[in-house]
Every structure is written in structure tokens, then in C-alpha cells.
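Peer 1: sequence and predicted structure below; questions after.
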Amino acid sequence: MSDDRFRALPSVEVLVQQTLALGRSEGVPRALVVEAARAVLDDERKAGAPAGLADGRAERAAARARALAAPVQRRVINATGVVLHTNLGRAPLSEAAQAALAAAAGGYVSLEYDIAEGRRSHRAVGVEAWLCRLTGAEAALAVNNGAAALLLVISALAQGRKVVVSRGELVEIGGSFRLPEILKKAGATLVEVGTTNRTRLDDYRRATTADTALILRVHPSNFRVSGFSERPTRAELAALAKETGIPFVEDVGSGAFVDTAEMGLEHEPTVLESLTEGADLVTFSGDKLLGGPQAGLVVGRREWIAALKRDPLARALRIDKLTVAALEATLAAYVDPERAKSELPTLALLAAEKHALEGQAHRLRDALSGLSGLAVTVVPVQSEVGGGALPGVPRLRSNDD
């Protein structure tokens with residue numbers, strides 16, 4: 001191809017001036033206009049600089065500059081049918097949590113200061129107090145996500161030692177992060193017991209030795225094993241842990257604080273149930289069925305929580321003031337479970353009746369019907385909970401059931 005076509009391309013600066021002259025990139029920093037101009041010219045070079053691309057060159061650069069200036073993360077409508085959609089940010093926050101987050105973001109807060117005592121405190125003390133109040137746990141800790149909570153537990157309590165877990169619970173929690181890899185990264189040795197579908201109490205008993213640091217139970221919150229399957233109850237594992245003097249840790253994943261069966265869904269194990277049935281530590285996420293911001297939460301025995309707080313990883317995994325604010329406001333709603341079901345968007349959506357959802361769908365259809373070229377029809381569907389909770393269980397509760 002002749003070089004004449006490439007010589008006909010303007011310089012970056014000429015295209016920048018042409019783009020600015022259009023007046024369609026006002027408010028966009030000049031550096032982004034330059035970046036957009038370079039990209040447009042690179043596209044033309046890759047295409048062999050056909051003469052036809054010269055038309056609208058500045059318009060394309062202006063559009064690209066505006067796109068570069070726009071946030072990548074933006075507000076969207078969740079029309080996927082999945083309530084807790086990981087790719088769309090999981091749980092939307094309540095109005096109270098949004099207000100608390102905005103207040104914390106706009107100024108200084110008592111993040112690590114006890115106003116009443118007039119001295120330094122530790123962060124998330126309010127979150128920990130709410131978690132203990134709501135679950136009856138002796139102590140609690142908050143870190144930045146569910147995987148981090150489990151990582152910290154293993155690092156603090158089992159580094160250089162063994163962790164016993166059923167083969168049927170060696171889950172992949174999303175993004176190709178797998179439980180065995182988390183255990184290895186935390187410095188523990190995985191001891192697999194049982195089979196994929198059947199694990200018995202004696203399997204755990206035979207696997208425990210003087211070098212066993214933890215008995216770990218993982219709730220299958222993002223998959224389902226059915227048919228010819230078996231595994232010990234929490235109470236059985238708790239009794240074995242007490243007998244052997246080994247801490248019993250359960251990762252319940254979704255962080256349910258209310259009975260999902262009351263919302264027309266299958267029962268999802270709650271954090272309180274796990275503690276009541278004997279778990280020494282329970283880990284779970286903040287942005288799933290709890291309905292709050294992303295966080296990893298740990299509740300349980302005071303001595304083990306204290307060990308977690310002493311671990312150097314605790315500082316690396318700690319939450320910031322925005323998460324603290326949103327978590328406190330979210331947890332406060334659970335003082336009254338019925339209030340939580342109405343105020344927390346995730347629970348409100350899960351508890352919504354069919355007629356209410358139909359009404360919303362019809363109002364949305366009416367609002368969109370005036371848009372040119374858009375045909376909108378309301379059709380019945382079954383959505384899912386999503387977010388690693390109640391896998392395969394439809395969200396929709398029909399009034400006719």
C-alpha cells in the first residue's frame with residue numbers, strides 16, 4: 001500500500017484542535033482528548049488509512065474522549081433475573097446505609113477514636129458490637145470480603161498445621177479462587193476426608209491428629225449435592241471438636257440473619273444456627289443475604305477472635321470507614337427482623353409477592369412504551385437469588401402457591 005494514505009493523516013495536535021473546535025468535549029480534560037485523538041488515528045492506520053475514514057474523524061475523537069472521561073462503573077438496571085448479581089455489585093444498600101456511607105465519605109469520623117472515653121479505640125468496634133448483639137457471639141471481626149475472612153482464620157489458627165475438610169466441600173468461590181488454594185496460601189496443609197457425595201463423622205475422627213489445627217465445614221452456598229449424599233451435622237462436628245480440643249470453624253457463606261423459608265424460599269442456614277449448634281467460629285459475607293456492603297465477617301469464641309486480630313494479615317485485610325458506616329447501618333436494621341425485610345433491598349426483593357412484582361413490571365412497561373422503536377411486553381419468569389446463596393432455587397413466590 002502506498003504511504004500517501006498515511007501521509008494524509010493529520011498530526012495528533014491538528015486532530016485535537018479539530019476535536020476541540022466541535023465543542024462536543026467540553027469539560028473533558030485535554031489529556032483525554034489527546035488520548036482519544038491518538039486512538040482514532042491508530043485505528044485508521046490499522047485499517048490501512050482508507051480515505052472514507054477521514055469523514056467524521058473529529059466526531060469520533062470527541063465521542064471517544066467523552067467515553068474516556070465517563071466512569072467505567074455506572075448505575076445500571078438489573079434485568080437479569082438474579083437478585084444478588086455478582087457482576088452488578090450484589091446487594092444494593094438500604095437508604096440508611098447509603099446515608100451513613102455519604103456522611104462518612106464527606107468528612108471526618110470517629111473511626112478509631114472513642115468519643116465517650118476521649119481516647120484511641122479500634123476500628124469497626126460498632127460493627128463488632130452489632131454482630132455480637134445479633135448473634136450472641138462472644139466476639140466478632142470484620143475484614144474486606146468473605147474469602148479474606150477464611151484466609152485470616154486459616155493464617156491465624158492453622159499456619160504450618162493441618163485443616164480437615166470434606167472432599168464434598170472443596171468449593172470454588174468464584175473468579176477461579178478455590179478453597180484448597182486459599183488453605184495453601186494461608187500456610188496450612190489440607191487433609192481431605194470422605195468422598196464427593198458422602199462424608200461421615202468417623203472420616204473426620206480418623207483424620208484428626210496432634211497436628212490438626214482446625215475442623216472446617218463449608219456450606220455449599222453456590223452448588224448443590226443431591227441424591228446419594230451424606231455429611232455430619234454441625235452438632236456432631238462440634239462434639240468431635242470439643243472431644244479433641246480442636247476448633248470447629250464453619251463458613252456459611254451467604255450470611256443469612258433471617259429465615260429465608262419465611263420468604264417463600266428454601267431454608268438457608270443462618271449465622272445464629274451455626275453458633276447455636278456449636279461452631280467456634282463462623283465466617284460469612286456482608287454483601288449477600290445480609291444485604292450490606294462487601295465485607296468478610298467472623299463471629300465466635302473470644303479467644304479465637306483475639307488470635308485473628310493479632311495476626312499481621314488482619315491489618316492488611318481491614319475495612320475502611322465507608323464499609324464500617326454501611327455495615328453498622330445494615331446490621332442495625334436486624335434489631336427488628338420485619339424491619340430488616342422491608343428496609344434492606346435484598347430482603348425486600350426476596351420477600352416480594354408476585355402481584356407486587358407484576359405491578360412494577362407494568363409500570364416500567366408503561367414508562368418505556370413511549371420510546372421510539374421499543375416494544376415492551378410483560379412476561380412471567382422465575383428469577384434466582386444468586387450471589388452464592390440458595391443455588392438453583394427460584395426467587396419468585398407466587399400468590400397462587
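Peer 2: Happy to help now that I have it. Residues are numbered from 1 along each chain as shown.

Peer 1: in PDB, could you pull the C-alpha coordinates for whatever helix or strand residue 327 lives in?
Peer 2: Assigned by DSSP states H and E, residue 327 falls within helix 321-332. Written as PDB, here are the backbone C-alpha positions of helix 321-332 (Å, rounded to 0.1, in the frame of the first residue of the first chain):
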ATOM      1  CA  LYS A 321     -14.600   3.900  57.100                       C
ATOM      2  CA  LEU A 322     -17.100   3.700  54.300                       C
ATOM      3  CA  THR A 323     -17.600  -0.100  54.800                       C
ATOM      4  CA  VAL A 324     -17.800   0.400  58.600                       C
ATOM      5  CA  ALA A 325     -20.600   3.000  58.100                       C
ATOM      6  CA  ALA A 326     -22.600   1.000  55.700                       C
ATOM      7  CA  LEU A 327     -22.300  -2.200  57.800                       C
ATOM      8  CA  GLU A 328     -23.400  -0.500  61.000                       C
ATOM      9  CA  ALA A 329     -26.500   0.900  59.400                       C
ATOM     10  CA  THR A 330     -27.300  -2.500  57.700                       C
ATOM     11  CA  LEU A 331     -26.900  -4.500  60.900                       C
ATOM     12  CA  ALA A 332     -28.900  -2.100  63.000                       C
END
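
Peer 1: what mean pLDDT does the next helix or strand along the chain from that helix have?
Peer 2: Next along the chain after helix 321-332, taking DSSP H and E as the criterion, comes helix 337-343. Mean per-residue pLDDT for helix 337-343: 93.

Peer 1: counting by contacts, list what helix 337-343 packs against.
Peer 2: helix 345-351 (3 or more CB pairs under 8 Å, 6 or more residues apart in numbering; DSSP states H and E). In this view, the C-beta of every residue, glycine as well, is placed from N, C-alpha and C.

Peer 1: residues contacting the helix it packs on, please?
Peer 2: Contacts to helix 345-351, defined as CB atoms under 8 Å, 6 or more residues apart in numbering, come from residues 83-84, 91-94, 258, 260, 263-265, 289, 291, 340-342, 385, 395, 397.

Peer 1: list of residues touching the one helix or strand residue 243 maps to?
Peer 2: According to DSSP H and E, residue 243 maps onto helix 234-244. Residues outside helix 234-244 that contact it (CB under 8 Å, 6+ apart): 201, 204-205, 208, 212, 215, 217, 232, 246-248, 250, 273-274, 277-280.

Peer 1: off-centre distance for that helix?
Peer 2: Its chain's average C-alpha position is 30 Å from that of helix 234-244, according to CA atoms, centre = their mean, to the nearest Å.

Peer 1: what about it, average pLDDT?
Peer 2: 96.

Peer 1: and that helix, what's buried?
Peer 2: Within helix 234-244, the residues that count as buried by 16 or more other CB atoms under 10 Å are 234, 237-238, 240-241, 244.

Peer 1: after that helix, which helix or strand is next?
Peer 2: Going down the chain from helix 234-244, the next helix or strand is strand 248-253, by DSSP H and E.

Peer 1: which residues sit against the helix or strand just after that next one?
Peer 2: The helix or strand immediately downstream of strand 248-253 is helix 271-276, counting by DSSP H and E. By CB under 8 Å, 6+ apart, the surrounding residues in contact with helix 271-276 are 134-137, 234, 250, 252, 255-257, 282, 284, 299-300.

Peer 1: same question, stretch 305-323
Peer 2: The set of residues external to stretch 305-323 that reach it, using CB under 8 Å, 6+ apart, is 101, 104-105, 109, 111, 123-124, 127, 138-144, 148, 151-153, 155-157, 281, 286, 293-296, 298-299, 327.

Peer 1: please consider this matter closed, and thank you.
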